[in-house]
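[1] requesting a structural model of the entry that follows:
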Amino acid sequence: MSEDCLYLNIWKPHTEETNLPILIYIHGGSLSTGTAAFYEYNGEAMAHKGVIQVNVGYRLNIFGYFASEELQNESPNHTTGNYGLLDQIKAIKWVHDNAVKLGGSPDNITICGESAGSSSISAICASPLASGLFKKAIGESSSLVVSKPPHTFRSLETAISRDRKLYEEFNAKNIEDLRKVPAEELVKYSVSPEQMTLDGYALTKMPYQVYMDHENNEEVLLNGFNVKEADAFVVPTFLFNPTNKDNIRERLVAYFNEETANKMMDLYKDRIEKDAFSVLNEIVSVYWFMQPHDSWTKAALEAGTKVYKYQFTKENGFHGNYHSGELPDVFGNLSREYRSFSYNQSDYDLSEKMLNYWSSFAKNGDPNYEGGTNWPEYNLLDKKIMELGSNVGLINDPYLDLYPIIEEYIENK
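    Next up, the predicted model:
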């Protein structure tokens, strides 16, 4: 509701030990909403594993990503449009500089985020302002390390041009007029400024290019996605006219183009006859989420970064394997859910394993822990990823045949 949001929530192990590993978490919410205090990523369980967890509050929506030539000219760094990203980097720097006072190690910091928080993680990995502040990164369900990101990113020219309409919306002649509008009114905007941009300061190159130039900040990356990433976004769009085998081609053409739609129809022809509804949801999920993570993985390997990759597949009675469904498992917070009765012992068992993987990665840059199923580094020979679900173990990436179709579409659009 305002710019008064730059706070950190910190959970620390109850110990006299020093030089503890630190995990900094950046929440999601489409860069427009969310909070560092949400129960799903409460840090108590992580602290019990011997890791200091720090959740970051940062400016959102118009306060965090509004782009303006006036603000650009005011800035000593000639930047605009990435204020939320700058907040995140400032928070990481503060934690790095004060790590010893927290009982932690400035040389053992992991940054982690989900959804828009994961897009932010990929941007921070590509930002020269964050160089030397951390060594490890975890990205869950979003990435900007794509030649043309499908969401959460726009050009500076587009940002300034589009956000200029906000002046008209609030009857403002200049930035001073906008500053006079109460925060409660500003957040009722109709033009959506919730995307990062290439501002020349926080981001001086496209994140993908940073990796191609071997200039990314992390030394090791853990990243992945859930099975039904896009369902919550796609299904409501067609709520009163569900996808079926007769209209799926039309919808694929609208999302992509005719040539790409034909290739997708051919790839999925058998499944379309049986369940066109889930096919569309899967294809959009891969375009928005899985392929960007595959691109991030391959770019990181190209840059000499070690990578661990996963897919979350666990079905349950509440979040399931939809977008953000893995969060209460990762942070050990199933019992905090207001519908905790939806989970059974198998969910708690998986959550303990995932908490061990994530905390071990924060400690050692390797998710493996004593007694756990082995999780090897990702390699381009077998392209195996870790399944985290009722089964915990290596599987073939299910979308290897779709990635090239989407990559061709991205390069030609």
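
[2] grab the longest strand from this structure for me.
    Longest strand in the chain by number of residues (criterion: DSSP state E): strand 104-114.

[3] between whatever helix or strand comes next after that one and strand 104-114, how big is the angle?
    Downstream of strand 104-114, the next assigned helix or strand under DSSP states H and E is helix 116-125. Per axes from the mean of the first three to the mean of the last three Cα atoms, to 10 degrees, the angle that helix 116-125 makes with strand 104-114 is 130 degrees.

[4] now the element after helix 116-125, going C-ward?
    Following helix 116-125 in sequence, per DSSP H and E, is strand 136-140.

[5] elements contacting that following strand?
    Here strand 136-140 touches strand 104-114, helix 116-125, strand 220-226, helix 345-364, going by 3 or more Cβ pairs under 8 Å, 6 or more residues apart in numbering; DSSP states H and E. (Glycine included, C-beta is placed from N, CA and C.)

[6] then that strand to PDB, C-alphas only?
    Extracted as PDB, the C-alpha positions of strand 136-140 are listed here (Å, rounded to 0.1, in the frame of the first residue of the first chain):
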ATOM      1  CA  LYS A 136      24.600 -19.700  -4.700                       C
ATOM      2  CA  ALA A 137      21.200 -19.100  -6.200                       C
ATOM      3  CA  ILE A 138      17.800 -21.000  -6.100                       C
ATOM      4  CA  GLY A 139      15.100 -20.200  -8.700                       C
ATOM      5  CA  GLU A 140      11.700 -21.700  -8.500                       C
END
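
[7] quick one: mean pLDDT for that strand?
    For strand 136-140, the mean pLDDT works out to 98.

[8] so it versus strand 220-226, what angle?
    Using the same axes, to 10 degrees, strand 136-140 lies at 10 degrees relative to strand 220-226.

[9] what pairs with the helix or strand just after strand 136-140, and is each one parallel or antiparallel?
    Next along the chain after strand 136-140, taking DSSP H and E as the criterion, comes strand 153-154. Strand 153-154 pairs in its sheet with strand 196-197 (parallel), by DSSP bridges.

[10] list the buried ones in the very next helix or strand once past the partner strand?
    Next along the chain after strand 196-197, taking DSSP H and E as the criterion, comes helix 207-212. Residues 207-208, 210-212 are the ones in helix 207-212 that count as buried (16 or more other Cβ atoms under 10 Å).

[11] now do helix 207-212, average pLDDT.
    98.

[12] packing partners of it?
    Right, helix 207-212 is packed against helix 116-125, helix 291-302 by 3+ Cβ pairs under 8 Å, 6+ apart.

[13] so which elements touch the shortest one?
    Okay, so that is helix 116-125. In terms of contacts (3+ Cβ pairs under 8 Å, 6+ apart), helix 116-125 is packed against strand 20-26, helix 83-97, strand 104-114, strand 136-140, strand 196-197, helix 207-212.

[14] can you list contacts of stretch 255-270?
    248-249, 252-253, 272, 279, 283-284, 287, 401-402, 405-406, 408-409, 413 (Cβ atoms under 8 Å, 6 or more residues apart in numbering).

[15] mind listing which of those are in helices?
    Residues from those lying in helices, with DSSP state H as the criterion: 248-249, 252-253, 272, 279, 283-284, 405-406, 408-409.

[16] residue 71 against residue 78, yeah?
    No - in this structure, residue 71 is not within contact of residue 78 by Cβ atoms under 8 Å, at 10.0 Å.

[17] TSV for the helices and strands packed on strand 136-140, including mean neighbour count?
    Formatted as TSV, the helices and strands packed on strand 136-140 follow (neighbours: other Cβ atoms under 10 Å):
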stretch	mean neighbour count
strand 104-114	23
helix 116-125	29
strand 220-226	26
helix 345-364	20
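
[18] on that earlier part again, by neighbour count, which of the ones in helices among the contacts of stretch 255-270 wins?
    residue 283 (28 neighbours; other Cβ atoms under 10 Å).

[19] name the element the nearest residue to that residue once chain neighbours are set aside belongs to?
    In this structure, residue 283 finds its nearest non-sequential neighbour in residue 264, 5.8 Å apart by Cβ to Cβ, 6 or more residues apart in numbering. Assigned by DSSP H and E, residue 264 falls within helix 258-267.

[20] pLDDT on that helix, on average?
    98.

[21] ok now that helix, how far from the chain's centre?
    28 Å (Cα atoms, centre = their mean, to the nearest Å).
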